[in-house]
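Asker: Got a sequence here, can you build the structure:
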Amino acid sequence: MSKSLRLSEKWFRRGLWIVAIVFAAFLTGLGNTVVRQMPRVETAVSLDQFMPQPETPRLRERLRDAGKAEAEVNRLLEQARQQHAVTVADSRTAGDSLAAFLATRQVTARPDQDPEVIARREAVEAAKKTERQALAIVEVRQKELLDLRQEHERLRVRLRDLEEGARGAFDSARHAQEMRVFLYRLALTLPLLLVAGWLFARKRQSTYWPFVWGFILFALVAFFVELVPYLPDWGGYVRYVVGIVITVLVGRWAIQALNRYLERQRAAEAMPDAQRRDELSYDVALARLAKKVCPGCERPVDLANHEIDFCPHCGIGLFNKCGCGARKSAFARFCHVCGKAAADAPGSVA
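Answerer: Sure, this is the predicted structure:
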């Protein structure tokens, strides 16, 4: 694709690059959707699949029952403690009442109050007995809770041992599954990268180049970005090795292209001036002149110097005289003074 100085063509090319980027974005979205669905081709493995059956389900059921029983005993223990606190308060109140009554009885020394003393003593004993009973219930609940916690811990230890025993097989199966899914994704993205390489080598300057470049961008994103979250531990090696190979191939192609370009330039500079200008594309010549370089050898030239009519590097003619006597560009198709067609301009028909 040659460069051009036409304003409309520039904007058309910019628009086509937008088309290429939008096309790549839609292809990337489609590819991302497909890649995210890839894990569904494999059934997810779980640790339970590699633990002994039916011991594991029964053990988990017993753990759930033990947890529920522990919660219930905790509730009952809390109630027992509250009840014990009430009985302790009642016992303390009865004892304080008896002490106060005895102090009064000692002061008055009335024998008729002896039955009252006996009754109060009996009330204190009853309160103490109730307190001891409440404390016994608390101790029973504490013993039940301790037994349940020990049983719960024993079951957890047993389940942990089973999990540790199954961990090796589970990790192996999971890694194998990750490897298969990675290979599925690699089988999907690597051909896209190869097709993109072929398109870059053969079709990047074709009429439909925006779609070619859009596909190339999509393939690069799919391989070097979309594949990253799904790489296994060593999967990064594949990505980096492919990147190195692509870099080497592109670098080799660029070096060879540069050498071919230099050979063409040397051969072109050896040709007569008129033939060189005839073989130059009109748009290429104008684009190079706009950059203030020689259209023939692409070296810098001071085009503002009216004394320079030929390139001092390769000798190609840059300016000549029109029939009207005006100094004009040797690559212009028409004279800018009289408007006559220039027979010696590139692409002109004499």
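Asker: what helix or strand is Val248 on?
Answerer: Val248 is part of helix 235-269 when elements are defined by DSSP states H and E.
Asker: After the helix or strand bottoming out on mean pLDDT in the chain, which helix or strand is next?
Answerer: In the chain, no helix or strand scores lower on mean pLDDT, DSSP states H and E than helix 273-279, which sits at a mean of 70. Using DSSP H and E, the helix or strand that follows helix 273-279 in sequence is helix 282-290.
Asker: And the next helix or strand past that next one?
Answerer: Note on helix 282-290: by DSSP H and E, the next helix or strand toward the C-terminus is strand 319-321.
Asker: so what strands line up beside that following strand?
Answerer: Here strand 319-321 is paired, per DSSP bridges, with strand 327-329 (antiparallel).
Asker: ok, how many other residues are close to Arg180?
Answerer: 13 (other CB atoms under 10 Å). In short, each C-beta sits where N, CA and C put it, glycine included.
Asker: Tell me the spacing between it and Leu192.
Answerer: The spacing between Arg180 and Leu192, counted by CB to CB, to the nearest Å, is 20 Å.
Asker: and the longest helix for the chain?
Answerer: Ranked by residue count and defined by DSSP state H, the top helix of the chain is helix 114-202.
Asker: Could I get the average pLDDT for that one?
Answerer: For helix 114-202, mean pLDDT is 82.
Asker: again with stretch 77-91
Answerer: 84.
Asker: Thr207 should be in a helix, yeah?
Answerer: No - counting by DSSP: H, G, I helix; E, B strand; the rest coil, Thr207 is not found in a helix; it is coil.
Asker: Now do the same for it: its pLDDT.
Answerer: For Thr207, the model assigns a pLDDT of 84.
Asker: Also His336?
Answerer: For His336, the pLDDT comes out at 81.
Asker: Repeat that for Glu226.
Answerer: 70.
Asker: what do you get for the one 10 residues further on?
Answerer: According to the predicted model, the pLDDT of Gly236 comes to 61.
Asker: And for Thr104?
Answerer: At Thr104, the pLDDT value in this model is 61.
Asker: Same check on Arg6?
Answerer: Note for Arg6: predicted pLDDT of 59.
Asker: What of Pro346?
Answerer: Looking at Pro346, its pLDDT stands at 54.
Asker: Quick check: Ala119 vs Ala127, distance?
Answerer: With the distance defined as CB to CB, Ala119 ends up 13 Å from Ala127.
Asker: Give me the more crowded residue out of the two.
Answerer: Taking neighbours as other CB under 10 Å, Ala119 and Ala127 compare with Ala127 leading, 21 against 12.
Asker: Quick check: the more buried one touching Thr87?
Answerer: Yes - with contact defined as CB atoms under 8 Å, Ala127 reaches Thr87; the gap is 7.0 Å.
Asker: Please enumerate the shared neighbours of the two.
Answerer: Counting by CB atoms under 8 Å, 6 or more residues apart in numbering, Ala127 and Thr87 have no common neighbour.
Asker: Ala219 sits in which helix or strand?
Answerer: Ala219 belongs to helix 209-221, assigned by DSSP H and E.
Asker: Now do that helix: which elements does it pack against?
Answerer: Helix 209-221 is packed against helix 7-36, helix 114-202, with contacts defined by 3 or more CB pairs under 8 Å, 6 or more residues apart in numbering; DSSP states H and E.
Asker: from the chain's centre, how far out does that helix sit?
Answerer: Centroid separation between helix 209-221 and its chain, computed with CA atoms, centre = their mean, to the nearest Å, is 21 Å.
Asker: Quick check: buried residues in that helix?
Answerer: Within helix 209-221, the residues that count as buried by 16 or more other CB atoms under 10 Å are 209-221.
Asker: Could you dump the residues you listed into JSON lines with distance to Ala326 added?
Answerer: Below are the buried residues of helix 209-221 laid out as JSON lines (distance: CB to CB, whole Å):
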{"residue": "Trp209", "distance to Ala326": "39"}
{"residue": "Pro210", "distance to Ala326": "41"}
{"residue": "Phe211", "distance to Ala326": "46"}
{"residue": "Val212", "distance to Ala326": "44"}
{"residue": "Trp213", "distance to Ala326": "43"}
{"residue": "Gly214", "distance to Ala326": "47"}
{"residue": "Phe215", "distance to Ala326": "50"}
{"residue": "Ile216", "distance to Ala326": "47"}
{"residue": "Leu217", "distance to Ala326": "48"}
{"residue": "Phe218", "distance to Ala326": "52"}
{"residue": "Ala219", "distance to Ala326": "53"}
{"residue": "Leu220", "distance to Ala326": "51"}
{"residue": "Val221", "distance to Ala326": "54"}
